[in-house]
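Participant: below is the structure, and that's it, no one-letter string:
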Ligand SMILES: CCCCCCCCCCCCC/C=C/C(=O)SCCNC(=O)CCNC(=O)[C@H](O)C(C)(C)COP(=O)(O)OP(=O)(O)OC[C@H]1O[C@@H](n2cnc3c(N)ncnc32)[C@H](O)[C@@H]1OP(=O)(O)O
């Protein structure tokens, strides 16, 4: 709702009340209309102030209303009524003014912001554009280049930047509503002719075409197929070239296309999924709301390689006290320098001082005796990790949580090295660990709910989106990647090239195709895992292992020392080791031809559809297996992992959302088709849960949990 009160005798105060972020629901919109009408009708009222309850101005349109039948007054006429008012209206911006919230403020005659407030038009991140006249008012207020930047990126700006850009008129460190009331009284009675943004001409640009061409090129490059950023540029162009009323028409037309698009649905699903993963549950019934985390004040990181350094930076930046341990003196010195450099660069960016004093370095593992939690980040080798866990069990005080940063090793096996396996969880960070948002928190069968709650809470403290998953080979992300990469390899055997496979996957929206990504991560990583699993038989490049089809192509490249970017060659060639520019490699093409000839394989023409379906549907099929086994609690967990950790295009929601969009019946049919053609590839065999979902009438994704529950109860 919106509450109307009178303060200081002559000020009408409208307070938006719709927790948690005062979103502009139908009731709130109606409340604003009624309050404005009332204030304008009261002769004693000289001016109005609009604010939000609980220190939050407004988080924008109510996203939960999208996709439902629209009721209540639409936003544009509401904002026009405010702008047309004959009495000054001042927005008192505390906390947030985002999307429709900022558009509401732009409809007001003046804007006063608290110094800690954040403002922005993030609609593009939801697959939309600021279609409550934001795309038309903002360029008129701050000029085209700055408006293009804010609207196409959706970034939030601080109150200080908003003041500099001219979005707000004043910034205060004190009570914002008081400041706004004082300000409103000071301007009451003055002419409002120069305060109605819709009447402003858009600031002229001499190089208008060049500015818009450059903006379009920039968003097309960054968008990887997303349509909203392109529409945002088009809407701002309308503001720059058309009268306001016509610009609004164009804004509406562009919004109509976006509003009902699959991309908007995917991005809005992603928004809620990212928040839903915090409400984790385990198959035992333990849940986020019944498991209390222990506060972590002091943590230790063991092993200061690339991952350990990033984790140390993340912990120190979040204000924790960190003991950073590396037993090799030379490596310790290098790590200290690297960590300090990262902290200094990060602090410079944020305009704060680097938290160097939060870290103490040591080459002795015995120095971790008084910490609350340890994150072991030594080399990915089970024997080494076990040794470290045994040492930690001896030196840590009772109750210390022992976490391992691993991308796929057995958490339970490691837990068995300690007398308190309930205190052990996996924390799978993604490189670079201080930058990437994703954290897989992996619980073993003996991990206690409190250990999981503590790791999830710690993830939140250090700014990660944490997803709780069960223990299995590769956990969720890497386990699903395995059939995807296998299919990519099989396609090469059958006649495709790495360039073609990557092109198809990149056109789908991945930042990198399977082969460019493998070259970046290092081909030796998978080679080591396959060796440990007994799949690599030197000198035996046969195409079957343990009764299933196997492609030894990656192993053969590794045997030649082709580990990817770091060695200057892999699936592609590079100018020098470490170079990032992948070039097609004639050597690789002849190698593939010889390989096919040696195995009696005849290259055939493979089309886009086959590449996409075989790579993606096998990955999705593994996702259904993961849900069936209870390794992930719901499809949102998998989708968040893929969007944040594996560059799955956000505007496609994630693999499970994509399956829902394609249609489960279609996915099932195509998997059956490919499995018939390749009966020796078990990952193409449709899993039970997928069949069950189709048999139960292909419910929409938000109802899959009901079917999953039934499957689990029958196990
Ligand atoms: C057929 C043709 C039709 C064509 C035309 C139709 C047009 C009709 C529509 C016109 C509208 C156009 C223009 C306006 C559009 C918008 O305003 S879109 C929304 C823009 N706003 C945002 O994107 C802000 C989103 N929110 C956030 O970024 C963050 O939530 C936050 C505000 C910064 C707060 O962050 P934090 O404190 O970390 O809390 P969270 O956990 O993120 O959120 C707390 C809960 O609040 C829920 N929530 C947040 N924002 C909204 C919202 N705008 N609407 C509804 N709910 C919101 C969030 O989901 C959390 O709840 P839970 O999910 O239950 O945890």
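Facilitator: Structure's in. What do you need? Predicted, not measured: the structure shown is a model, and the values here were computed from it. Numbering: from 1, shown residues only.
Participant: downstream neighbour of the helix or strand of the chain with the lowest mean pLDDT in the secondary structure list?
Facilitator: For the chain, counting by mean pLDDT, DSSP states H and E, strand 544-545 ranks last in confidence among helices and strands (a mean of 85). Per DSSP states H and E, strand 544-545 leads on to strand 548-549 as the next helix or strand towards the C-terminus.
Participant: in whichever helix or strand comes after that next one, what counts as buried?
Facilitator: Toward the C-terminal end, the helix or strand that comes next after strand 548-549 (DSSP H and E) is helix 553-559. Neighbour-count burial for helix 553-559, counted by 16 or more other Cβ atoms under 10 Å, picks out 553, 554, 555, 557, 558. (C-beta placed from N, C-alpha, C; glycine too.)
Participant: pull the most distant pair out of these.
Facilitator: Farthest pair in those (Cβ to Cβ) is 553 and 558. Separation: 9.9 Å.
Participant: residues contacting residue 389?
Facilitator: Taking Cβ atoms under 8 Å, 6 or more residues apart in numbering, we find residue 389 in contact with 376, 402, 404, 414, 417, 418, 424.
Participant: how about the nearest residue to it, chain neighbours excluded?
Facilitator: Setting aside the residues directly before and after it, residue 389 is nearest to residue 417 in space (Cβ to Cβ, 6 or more residues apart in numbering), at 4.2 Å.
Participant: assign a three-state SS to the one you found, would you?
Facilitator: Remark: residue 417 carries the secondary structure label coil [criterion: DSSP: H, G, I helix; E, B strand; the rest coil].
Participant: interface residues of the chain facing the ligand?
Facilitator: Proximity of the chain to the ligand, by Cβ under 6 Å from any ligand atom, involves residues 20-21, 23, 59-64, 75, 96, 98-100, 122-123, 126, 128, 130-132, 255-256, 259-260, 272, 275.
Participant: of those, keep whichever come out buried.
Facilitator: Neighbour-count burial (16+ other Cβ under 10 Å) is assigned, among these, to 21, 23, 59-63, 75, 96, 98-100, 122-123, 126, 128, 130-132, 255, 259.
Participant: which of the contacts of residue 389 has the most neighbours?
Facilitator: residue 424 (28 neighbours; other Cβ atoms under 10 Å).
Participant: please name the nearest non-neighbouring residue to it.
Facilitator: The shortest distance from residue 424 to any residue that is not its chain neighbour, by Cβ to Cβ, 6+ apart, is 3.9 Å, and that residue is residue 415.
Participant: any idea how far the one you found lies from residue 452?
Facilitator: Residue 415 is 13 Å from residue 452, where distance means Cβ to Cβ, to the nearest Å.
Participant: what do the two both touch?
Facilitator: For the pair residue 415 and residue 452, no residue contacts each of them under the criterion Cβ under 8 Å, 6+ apart.
Participant: which stretches of the stretch 1-150 of the chain form helices?
Facilitator: Counting by DSSP state H, counting those that start in this stretch, one finds helices in the stretch 1-150 of the chain at the ranges 26-41, 75-84, 100-107, 134-142, 144-153.
Participant: same question for the stretch 351-500 of the chain.
Facilitator: With DSSP H, counting those that start in this stretch as the definition, the stretch 351-500 of the chain shows helices at residue ranges 382-395, 411-415, 449-461, 477-494, 498-508.
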